[in-house]
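Chemist: have a look at this prediction, sequence included:
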Amino acid sequence: DGGITQSPKYLFRKEGQNVTLSCEQNLNHDAMYWYRQDPGQGLRLIYYSQIVNDFQKGDIAEGYSVSREKKESFPLTVTSAQKNPTAFYLCASRIGDVNTEAFFGQGTRLTVV
Amino acid sequence: AQSVTQLDSQVPVFEEAPVELRCNYSSSVSVYLFWYVQYPNQGLQLLLKYLSGSTLVESINGFEAEFNKSQTSFHLRKPSVHISDTAEYFCAVSASASSASKIIFGSGTRLSIRP
């Protein structure tokens, strides 16, 4: 089945540690996105990528980093510089054209203690 | 820049009653509009989309939305809701621009259905 896979579903980390969230898609989509979801704030864009080896900062990129070495993969690293990393993280992809919808993974809930 | 405003954070309704979830957007260029639904601890699923043509778009489960360019709105409606419609609903805009195509989401509306 085609889709987007985020792993793990739940992740716990100690404060000060970097952590990497995985996002893989087999839809042959060019564009991939990372969003952060907090209660009452909707989805806020962290980073996005239109093609391999290229990505742009979204609205809340500080404290995060990404790579796009393969079309299928867009991992997100939450660094120790992110002041409030506990949140629900969603990865999405789409063909790349502005008039197409995005497909979402099931999300990763990160808790930093 | 584009933005999306969902005017109601929560909407409680009784089962079988009609509902409207409001969405307004702002953009200086042509836009494409979407409604997504999210069930607890899951990702988002597309409910319906407006790309061009008829301003009234429908989903397979009875929801509809009308694109109103003069009022910059894309409100979501259902004439009779069911308990299974309990979820959070997000309005989103994707705009035609020279920059890479972002999808901007509203803050969401939590729909709760009372029996």
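Modeler: Right, received. Where do you want to start?

Chemist: what's next to stretch B:8-24, contact-wise?
Modeler: Stretch B:8-24 is contacted from outside by A:40, B:4-7, B:33, B:35, B:65, B:71-83, B:85, B:89, B:91, B:106-115, using C-beta atoms under 8 Å, 6 or more residues apart in numbering or on different chains. For glycine as for every other residue, the C-beta is placed from the backbone atoms N, C-alpha and C.

Chemist: so which of those residues are in helices?
Modeler: Secondary structure assignment by DSSP state H places none of these in helices.

Chemist: quick one: buried ones out of those residues?
Modeler: The neighbour-count criterion (16 or more other C-beta atoms under 10 Å in any protein chain shown) marks B:4, B:6, B:33, B:35, B:65, B:73-76, B:78, B:81, B:85, B:89, B:91, B:106-111, B:113 among these as buried.

Chemist: near chain A too, which of those residues?
Modeler: Among the buried ones among the contacts of stretch B:8-24, the residues lying close to chain A (C-beta under 8 Å from any C-beta of the partner chain) are B:Gln6, B:Gly106, B:Ser107, B:Gly108.

Chemist: just the local confidence number for the second one, please.
Modeler: Read that as B:Gly106. Here the pLDDT value assigned to B:Gly106 is 94.

Chemist: ok, the residue nearest to the spatial centre of chain A to chain B distance?
Modeler: Centroid-nearest residue in chain A, with C-alpha atoms, centre = their mean: A:Trp34, separated by 3.0 Å. Distance, A:Trp34 to chain B, using C-beta to the nearest C-beta, to the nearest Å: 12 Å.

Chemist: elements contacting the worst-scoring helix or strand of chain B on mean pLDDT?
Modeler: Across the helices and strands of chain B, the lowest-confidence element by mean pLDDT, DSSP states H and E is strand B:56-58, at a mean of 88. On a contact count with 3 or more C-beta pairs under 8 Å, 6 or more residues apart in numbering or on different chains; DSSP states H and E, strand B:56-58 meets strand B:44-50, strand B:64-68.

Chemist: please redo it, this time with the cut-off set to 10 Å
Modeler: Judged by 3 or more C-beta pairs under 10 Å, 6 or more residues apart in numbering or on different chains; DSSP states H and E, the packing partners of strand B:56-58 are strand B:31-38, strand B:44-50, strand B:64-68, strand B:73-78.
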